[in-house]
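Asker: starting from these lines, generate the structure:
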Amino acid sequence: MRTQALGTTFVWDPATNCYVASSDSGAPANGERFMLYALSQRTGLPSVPLTSIGYVDLNDAGAGATAVTLVGTPADGTAATCASYSVAADAASLAGFVTDGTTRLDMTVRADSTTSPDTPREQTAIAVAGQDLHVDESVTLSPGGGGGGGGGNSVRMTTDLRVASGGEVVRAAGDVTLDTTTHTGSGQMAVSVNDSAFATITLGGPDLAFTPAPDVTLSAADETTLRALFSTSFELYGTTRLLLVPAATPVPLSRSSPL
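Answerer: Take a look at the predicted model:
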């Protein structure tokens, strides 16, 4: 965090497509505030004219850690905290919560790339407040050894997702290789319920394929659940990486900014 920027509110400048320091008040004295805006579906940047939807505060939490607070400000002016968590100095762990205003997820994330830099690993634990629901996932990335049809680079993603609720444990574990050039993937994921095989999910064609375990008949509802498990396994990892971004990567600032 830039010491000279403490207490500063940054706003988006459409002319330079960067954040610039402003004279707006409200930023924490020991941190920075970045205003958030509705995005253009065409460009992925804040739409013009700018429509503010909230802000994120980055606070100095001591020992190099950063406290992140995300606040939404809908049109009715009712501010609501959507996320509050602390990120370690090395951006390798976080602890806190996210919420949509109805459901709160208490989560911890630990990443480790020191043991083997080429195969970083991340472990996530989530508890749903007020509900008997726990989600745990471990993810390991490793070189895929060449791409798929496009021959580009690829990465192998090994996931192990466990969802526990009401005395039942659903586990989805497997390996998927993603081609970073063609954006295609292939692999399988084994799904079990209370340690009993339930189905295998296969990626590699135009759609996911589901193979039931012996003595199991898959209904349409089962296949919908299997799709959700498959996507959750990857989307959870992607989301936790995004949560680490504010503390790990400086936000682009305009060259005209004095910071």
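Asker: three-state assignment of residue 232?
Answerer: helix (DSSP: H, G, I helix; E, B strand; the rest coil).
Asker: and residue 111, what are its phi and psi?
Answerer: phi -110, psi 150 (degrees, to the nearest 10).
Asker: what does residue 20 give?
Answerer: phi -130, psi 150.
Asker: pretty sure it contacts residue 11?
Answerer: Yes. Counting by CB atoms under 8 Å, residue 11 is a contact partner of residue 20 at 6.4 Å. All C-beta spots, glycine's among them, are computed from the backbone N, C-alpha and C.
Asker: what's the neighbour count on the nearest residue to residue 89 once chain neighbours are set aside?
Answerer: Excluding the flanking residues, the one nearest residue 89 by CB to CB, 6 or more residues apart in numbering is residue 64, at 2.9 Å. By the measure other CB atoms under 10 Å, the count of residues near residue 64 is 13.
Asker: swap in residue 113?
Answerer: 14.
Asker: now for the nearest residue to it once chain neighbours are set aside: which residues touch it?
Answerer: Distances taken as CB to CB, 6+ apart place residue 120 nearest to residue 113, at 3.8 Å, with adjacent residues excluded. Counting by CB atoms under 8 Å, 6 or more residues apart in numbering, residue 120 touches 111-113, 140-141.
Asker: could I get the pLDDT score of residue 120?
Answerer: If you check residue 120, the pLDDT there is 88.
Asker: quick one: buried residues of the helix or strand encompassing residue 186?
Answerer: Taking DSSP states H and E as the definition, one finds residue 186 inside strand 184-193. Under the neighbour-count criterion of 16 or more other CB atoms under 10 Å, strand 184-193 has 184-187, 189, 191-192 buried.
Asker: ok, now stretch 72-92?
Answerer: 72, 82-83, 85-88, 91-92.
Asker: on that earlier part again, list the pairing partners of the strand holding residue 186 within its sheet, with orientation.
Answerer: Counting by DSSP bridges, the strands paired with strand 184-193 are strand 168-179 (antiparallel), strand 196-203 (antiparallel).
Asker: could you export that strand as CSV, CA atoms only?
Answerer: Extracted in CSV, the C-alpha atoms of strand 184-193 (Å, rounded to 0.1, in the frame of the first residue of the first chain):
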residue,chain,number,x,y,z
THR,A,184,-10.7,-26.0,-24.2
GLY,A,185,-10.4,-28.7,-21.6
SER,A,186,-10.4,-32.4,-21.0
GLY,A,187,-10.5,-34.6,-18.0
GLN,A,188,-12.7,-36.5,-15.5
MET,A,189,-14.2,-35.9,-12.0
ALA,A,190,-15.4,-38.7,-9.8
VAL,A,191,-18.4,-38.0,-7.5
SER,A,192,-19.2,-40.0,-4.4
VAL,A,193,-21.8,-39.7,-1.7
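Asker: which residues touch that strand?
Answerer: Looking at strand 184-193 with CB under 8 Å, 6+ apart, the contacting residues turn out to be 148-150, 159, 168-179, 197-204, 226, 229-230, 233.
Asker: what of stretch 59-76?
Answerer: Contacts of stretch 59-76 (CB under 8 Å, 6+ apart): 1, 6, 28, 30-31, 52-58, 79-90, 96, 98, 243, 246-247.
Asker: and that stretch, how far out from the chain middle?
Answerer: 16 Å (CA atoms, centre = their mean, to the nearest Å).
Asker: I appreciate the help and will end here.
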